[in-house]
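Chemist: just to be clear, the model below is a prediction. Sequence and coordinates:
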Amino acid sequence: MSENTPDPEILARVYRSLRLIRRTEEEIARLYPSDKIKSPVHLSIGQESVSVGVCDALASDDIMSATYRGHAAYLAKGGDLGQMMAELYGKGTGRAGGKAGSMHLVDMKAGVLGMSAVVGTTIPIAAGYALAMKRAGRGRVTASFFGDGATEEGVFSETLNFAALHKLPILFVCENNGFAIHSPLSNRWATEALRERVATYGIPTQAIGDGDVFAIRRAAESAIQAIRAGEGPQFLECKTYRWREHVGPGEDYEDDYRSRDELTRWQENDAVAITGKMLDDARRQAIDEDVEQQIASAVEFAEQSPWPEPKELFSHVYAD
Ligand SMILES: Cc1ncc(C[n+]2csc(CCOP(=O)(O)OP(=O)(O)O)c2C)c(N)n1
């Protein structure tokens, strides 16, 4: 972790966000076998520092898009937890009326543009939003989160080119967890020089190799400053590690595609635990208790909420 001591308010806010995401997803994993949660879940446990570091550096009216592994980014940007949980339960009070599930979270009040199950597809949509924001001229920034696998999609390269050409106000954030489902980078990339590939489009890049949330936050802050100064898109590559299986609540270290030693190395560098230890005990305990209450009331809200009305099946299918 960083040697620079963060500002106490930033430290407390960052810890709260990390802890909320970690505990929410642990609760989702605990509830999942009960079949109350009606959609597949792709957990970010272990990857929280990327979403938190970047979203904490964004302004509240900035915009963010993410992927099916999107609970962390949604919560880090301030998405409503109760409505997220109700969405996972398929309830009518969910963010999308229970129709979208975990992989398609959206909350425009919090600047969450949306997510998609189709790899890479939110990258050009985020660039489109950035183009609209540039034209509106109010200095707002879009951040686009995606995995290392998404950089293999043609649309990634097309979007980098377009964004660089038009100097769009967009921050590209690659959450490089080293795997696309079970395929490691070594089976997919001839070189790991992702930053060099991106730089050929004329986009400045930075890399953070160890999941240090404050290093990610500092990198995001400087990139966002450059974007607001009109310098065009910026790119962050954040190395990270997915602790659970690709989809679902469990672990998959018996599946023979990665070793538990790798997990242990990342767990020793766990941003949630390290950041918590930087706070004094009373402050940390108060935050932890508050987070538990927030999660309990979100679960209660989801459980007590009604199912969508049958007629809702036909709403939002076509534009009015
Ligand atoms: C266009 C497309 N191709 C393939 C898939 C199947 N698929 C789902 S997740 C995934 C891996 C993507 O890996 P990455 O972008 O690194 O994200 P991560 O799951 O590691 O967060 C693939 C290939 C898909 N959903 N969409």
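Modeler: Cool, the structure landed.
Chemist: ends of stretch 245-258, what's the gap?
Modeler: End-to-end distance of stretch 245-258 (CA to CA, to the nearest Å): 11 Å.
Chemist: revised request: answer the last question for stretch 301-311.
Modeler: 22 Å.
Chemist: likewise for stretch 38-49?
Modeler: 27 Å.
Chemist: ok, the residue nearest the centre of the chain - contacts?
Modeler: With distances taken as CA atoms, centre = their mean, residue 73 lies nearest the centre of the chain, 2.9 Å away. Taking CB atoms under 8 Å, 6 or more residues apart in numbering, we find residue 73 in contact with 44, 51, 55, 64, 66, 112, 115, 145. Where C-beta positions appear, they are placed from N, C-alpha and C, glycine not excepted.
Chemist: what is the neighbour count of residue 227?
Modeler: Residue neighbour count, defined by other CB atoms under 10 Å, stands at 24 for residue 227.
Chemist: now do residue 304
Modeler: With other CB under 10 Å as criterion, residue 304 counts 10.
Chemist: before we move on, what about residue 207?
Modeler: 14.
Chemist: partners of it in the sheet?
Modeler: residue 237 (DSSP bridges).
Chemist: where's it relative to residue 240, distance?
Modeler: 12 Å (CB to CB, to the nearest Å).
Chemist: what does residue 81 give?
Modeler: For residue 81 relative to residue 240 (CB to CB), the value is 22 Å.
Chemist: what of residue 182?
Modeler: Residue 182 is 17 Å from residue 240, by CB to CB.
Chemist: cool, residue 50 as well?
Modeler: 6 Å.
Chemist: what do these two both touch?
Modeler: With CB under 8 Å, 6+ apart as the test, residue 50 and residue 240 both reach 175, 211.
Chemist: the ligand contacts on the stretch 101-250 of the chain?
Modeler: With the criterion set to CB under 6 Å from any ligand atom, the stretch 101-250 of the chain comes near the ligand through 117-119, 147-150, 177, 179-181, 246.
Chemist: any of the residues you listed buried? List them.
Modeler: 119, 147-150, 177, 179-180, 246 (16 or more other CB atoms under 10 Å).
Chemist: who's in contact with residue 29?
Modeler: Contacts of residue 29 by CB under 8 Å, 6+ apart are 41, 43, 45, 244, 249-250.
Chemist: again, only this time at 10 Å
Modeler: Residue 29 sits next to 37, 41, 43, 45, 244, 248-251 when contact means CB atoms under 10 Å, 6 or more residues apart in numbering.
Chemist: that one falls within a helix, correct?
Modeler: Yes. Counting by DSSP: H, G, I helix; E, B strand; the rest coil, residue 29 is part of a helix.
Chemist: for the stretch 1-150 of the chain, which spans come out with low pLDDT?
Modeler: Residue ranges of the stretch 1-150 of the chain with pLDDT under 70: 1-4.
Chemist: let me see the ranges of the strands in the protein.
Modeler: 63-65, 112-114, 142-147, 170-176, 179-180, 183-184, 205-208, 234-239 (DSSP state E).
Chemist: sheet partners, orientation included, of the fourth one?
Modeler: I take that to be strand 170-176. strand 142-147 (parallel), strand 234-239 (parallel).
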